[in-house]
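Novice: Generate a structure from the sequence data that follows.
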Amino acid sequence: METSKKILVVEDEVKIANLLNDFLSASNFEVKMLHDGASVIEAIEELEPDFVILDVMLPNKDGLTLCKEIRTFSNVPIMMLTARVDEIDRLMGLGLGADDYVCKPFSVREVVARVNAILKRTQSLDTNTEELHYKGLVLDAQKYSCFVNQKAIELTPVEFRLLQTLLAKPGNVFSREKLMENSYTDSRIVSNRTIDSHMKNLRSKINQQLASEDELIHTIYGVGYKIE
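Specialist: Presented below is the predicted three-dimensional model:
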């Protein structure tokens, strides 16, 4: 029998946390709740959750700081909750490494659907043992690692899937829609700007390890992206 996936919900509004707990538990997830940011890192290291739902505004330590800290030691999928729709663009621009952003008030059923979708993508990625090589770049899906000129770089799950798509067919141009399809399950909730933001962060991480005149990821204006 398959073991239940573990979800850590970090939300200071108890009513919202309880709703998430009820719906996630009904979907066969094992849920742990925290209502402030003080012990989140310790809880992740101890619990090793399969998914983290993280509110932006938290007592003691905010969600932005926590997301950055989590990404220093874990690639666990993270969904961030915010009370302001206009804040989502700013959050994406910060390159925090979150996999999804949801604005309050939200449909709890939609949140559960997104969690399932992201976990499905991650699981699919984990079962892909192919190692991809291209011009000093090595991507290993089994080890979930990326090296550029033999130097390791840390990628978020979304960045990893975007790069995996590009590396599967070097020289081919992938539309934003195709990149959305391979990185998310529902393109209706992902804008072109989201893909552009993730791609900007991915390109920056790769370019830091390349010679200054080199460029691997290219923008094809009005179409999408390619690696060449």
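Novice: Now do the spatially closest residue to residue 50 that is not a sequence neighbour: how many residues are near it, please.
Specialist: In this structure, residue 50 finds its nearest non-sequential neighbour in residue 5, 4.2 Å apart by CB to CB, 6 or more residues apart in numbering. In short, each C-beta sits where N, CA and C put it, glycine included. By other CB atoms under 10 Å, the residues close to residue 5 number 18.
Novice: show me what contacts residue 5?
Specialist: By CB atoms under 8 Å, 6 or more residues apart in numbering, the contact set of residue 5 is 28-30, 50-51, 119.
Novice: Please identify the pairing partners of the helix or strand hosting residue 80 and their relative orientation?
Specialist: Using DSSP states H and E, residue 80 maps to strand 78-82. Using DSSP bridges, strand 78-82 pairs in its sheet with strand 51-55 (parallel), strand 100-103 (parallel).
Novice: Among these, show me which one is buried the most.
Specialist: Neighbour counts (mean count of other CB atoms under 10 Å) averaged over each of these peak at strand 51-55, with a mean of 24.
Novice: Can you pull out the residues in contact with the top helix by length along the chain?
Specialist: Scanning the chain for the longest helix, with DSSP state H as the assignment, gives helix 108-126. With CB under 8 Å, 6+ apart as the test, helix 108-126 has contacts from 5, 7, 19-20, 23-24, 27, 29, 50-51, 53, 77, 79, 99-100, 102, 141-142, 144, 157, 160-161, 164, 183-186, 189.
Novice: in the protein, what spans have low per-residue confidence?
Specialist: For the chain, the stretches with pLDDT under 70 are 1-3, 88-95, 122-130, 184-192, 211-213.
Novice: ok, back up a step: Serialize the strands paired with strand 78-82 to TSV and add fields for distance to residue 168.
Specialist: As requested, the strands paired with strand 78-82 are exported to TSV (distance: least, CB to CB, whole Å):
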stretch	distance to residue 168
strand 51-55	26
strand 100-103	23
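Novice: Out of those strands, flag the one nearest residue 85.
Specialist: Distance to residue 85, taken as CB to CB, is lowest for strand 100-103 among the strands paired with strand 78-82, at 4.5 Å.
Novice: from the middle of its chain, how far away would the closest one be?
Specialist: On the basis of CA atoms, centre = their mean, to the nearest Å, strand 100-103 sits 11 Å off its chain's mean C-alpha point.
Novice: on that earlier part again, does anything pack onto whichever helix or strand comes after the longest helix of the chain? Which helices or strands?
Specialist: Downstream of helix 108-126, the first helix or strand assigned by DSSP H and E is strand 131-134. Judged by 3 or more CB pairs under 8 Å, 6 or more residues apart in numbering; DSSP states H and E, the packing partners of strand 131-134 are strand 137-140, helix 157-168.
Novice: hang on, the earlier thing: mind listing what's buried in the longest helix of the chain?
Specialist: By neighbour count with 16 or more other CB atoms under 10 Å, helix 108-126 contains the buried residues 111-112, 114-116, 118-119, 121-122.
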